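Enquirer: Structure, please.
(one chain, ligands or ions: 1)
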Amino acid sequence: MEFPFDINQLFSERISILDQNLIASRQSKEKPDLRVKIATVLDELGKASAKAQDLPAPITSASKLQFQKHQLYLMKDGESSRGRGVVVGFLKVGYKKLFLLDRNGVHIEVEPLCVLDFYIAENLQRHGYGIELFNFMLQHQNVEPVLLAYDRPSTKLLAFLARHYNLRQSVPQVNNFVAFEDFFHKRAVSQLRRVKKSDGDIKPYSLMEREEVRQEQRTLPWPFAAPLSPHSSVSSQCSQSPSAGSSPRRVLPCVTHPAFAGDSREQSPHSPLMDCCRTRRSK
Ligand code: ACO
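Expert: You can find the predicted model right below:
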């Protein structure tokens with residue numbers, strides 16, 4: 001992705017790590033105008049990623065990053081665009097408290113690092129940039145791909161994980177996160193907390209980024225709320241709907257697990273999302 005300013009001035013490294021501070025280099029810390037440009041880059045990347053996944057609104061933006069404890073790995077090609085550099089893509093990860101089903105259908109409380117958003121510019125996909133970026137993140141976080149949870153991965157991401165890391169078998173979940181076989185086996189027992197039926201105060205699993213966006217859209221008063229597309233309405237989430245990106249969605253039966261009935265900072269107990277079935281991409 002090209003920008004009307006020098007990308008190399010903003011990002012000194014081939015892969016920069018950004019967090020809440022939006023600081024990509026010593027320079028950008030000192031110069032506020034550079035931070036404005038970094039914010040523009042993040043906003044454009046977020047929009048492009050949302051478009052690629054057919055999301056109603058971006059789940060990545062400068063303002064969101066400033067308020068979330070996520071880390072964003074941004075990759076550039078410093079030589080393109082007559083030496084001004086282009087942005088190749090980004091990968092956003094963060095920890096989420098989740099209630100996942102293990103192989104035996106037992107709810108386990110975990111707080112894994114999750115892949116939340118991942119995007120490589122259209123014209124640069126399938127050139128090996130994705131794997132370079134992903135491997136960088138794995139090394140930086142000192143984690144294996146099987147120990148990550150994936151927030152409603154697209155078919156492209158599923159193909160990517162199968163191709164590069166041989167991750168093929170996922171354990172079915174009632175939320176939109178995907179965990180692969182060995183996610184539970186490889187995790188230290190101390191990191192796994194079985195959820196007992198008597199745990200009345202169990203918080204719902206973290207609301208995934210994509211549904212937060214949908215909820216934000218719904219709670220905005222007219223005329224600020226963008227009209228919901230037919231496939232983003234709650235009712236249509238329970239039925240066959242067009243999918244994000246090129247990935248088809250598999251519709252799960254409506255599930256409202258009692259374990260999820262509780263209060264949450266992120267999700268109202270009466271949220272329609274709680275009552276609605278969860279849709280997820282097929283493998
Ligand atoms: N169709 C099917 N598989 C694909 C495609 C595609 N169009 N593009 C990439 N892949 C998979 C394949 O396994 C491919 O291997 P192959 O060419 O031998 O079949 C492999 O990825 C290529 O690996 P890289 O070149 O390293 O990956 P790339 O640079 O293309 O990045 C990514 C992968 C990020 C998924 C990219 O394709 C992309 O941005 N897609 C659009 C946005 C998207 O779907 N992001 C994931 C959202 S879900 C989430 O973030 C939790």
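Enquirer: where does the chain come near the ligand, residue by residue?
Expert: The chain comes close to the ligand at residues 52-53, 115, 117-120, 125-131, 150-151, 153-154, 156-157, 159-160, 163, 245, as judged by CB under 6 Å from any ligand atom. (C-beta placed from N, C-alpha, C; glycine too.)
Enquirer: Among these, name the buried ones.
Expert: In the residues of the chain next to the ligand, burial by neighbour count holds for 52-53, 115, 117-120, 125, 129-130, 150-151, 153-154, 156-157, 160, 245, counting by 16 or more other CB atoms under 10 Å.
Enquirer: Which ones among those residues lie within strands?
Expert: 115, 117-120, 150-151 (DSSP state E).
Enquirer: Out of those residues, which comes closest to residue 138?
Expert: Closest to residue 138 out of these is residue 115 (10.6 Å), distances taken as CB to CB.
Enquirer: Now the closest one: closest residue in space that isn't a chain neighbour?
Expert: In space, residue 115 comes closest to residue 150 once its chain neighbours are excluded; the distance is 4.9 Å by CB to CB, 6 or more residues apart in numbering.
Enquirer: Give me the nearest residue to the closest residue to the ligand within the chain, chain neighbours excluded.
Expert: Here the chain gets closest to the ligand at one residue, residue 130, 2.4 Å apart by CB to the nearest ligand atom. The spatial neighbour of residue 130 that comes closest, neighbours along the chain excluded (CB to CB, 6+ apart), is residue 120 at 5.0 Å.
Enquirer: wouldn't the one you found be in contact with residue 128 here?
Expert: No: counting by CB atoms under 8 Å, no contact exists between residue 120 and residue 128, whose distance comes to 9.7 Å.
Enquirer: re earlier: please determine how far the residue of the chain closest to the ligand is located from residue 82.
Expert: Summarising the geometry, the distance separating residue 130 from residue 82, computed by CB to CB, to the nearest Å, is 25 Å.
Enquirer: Check residue 88 too.
Expert: Counting by CB to CB, the separation of residue 88 from residue 82 is 17 Å.
Enquirer: Which one's more surrounded, those two?
Expert: residue 88 (24 against 6; other CB atoms under 10 Å).
Enquirer: What residues does that one make contact with?
Expert: Residue 88 sits next to 1, 75-77, 120-121, 124, 129, 133 when contact means CB atoms under 8 Å, 6 or more residues apart in numbering.
Enquirer: Farthest pair within the ones in strands among the buried ones among the residues of the chain next to the ligand?
Expert: Using CB to CB, the two most remote members of these are 120 and 151, lying 17.0 Å apart.
Enquirer: The contacts of residue 88, buried ones only, as a ChimeraX selection?
Expert: Restricted to buried positions by 16+ other CB under 10 Å, the ChimeraX selection for these reads:
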select :1,75,76,120,121,124,129,133
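Enquirer: Give me the subset of the contacts of residue 88 that lies in helices.
Expert: When helices are assigned by DSSP state H, the members of the contacts of residue 88 inside them are 129, 133.
Enquirer: how about JSON lines for the contacts of residue 88, with pLDDT and distance to residue 67 added?
Expert: Putting the contacts of residue 88 into JSON lines (pLDDT from 0 to 100; distance: CB to CB, whole Å) gives the following:
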{"residue": "1", "pLDDT": "95", "distance to residue 67": "24"}
{"residue": "75", "pLDDT": "98", "distance to residue 67": "23"}
{"residue": "76", "pLDDT": "98", "distance to residue 67": "25"}
{"residue": "77", "pLDDT": "97", "distance to residue 67": "29"}
{"residue": "120", "pLDDT": "98", "distance to residue 67": "25"}
{"residue": "121", "pLDDT": "98", "distance to residue 67": "26"}
{"residue": "124", "pLDDT": "97", "distance to residue 67": "29"}
{"residue": "129", "pLDDT": "98", "distance to residue 67": "28"}
{"residue": "133", "pLDDT": "98", "distance to residue 67": "24"}
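Enquirer: Can you lay out the contacts of residue 88 as a markdown table showing distance to residue 65?
Expert: Below are the contacts of residue 88 laid out as a markdown table (distance: CB to CB, whole Å):
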| residue | distance to residue 65 |
| --- | --- |
| 1 | 17 |
| 75 | 16 |
| 76 | 17 |
| 77 | 22 |
| 120 | 19 |
| 121 | 19 |
| 124 | 22 |
| 129 | 21 |
| 133 | 17 |
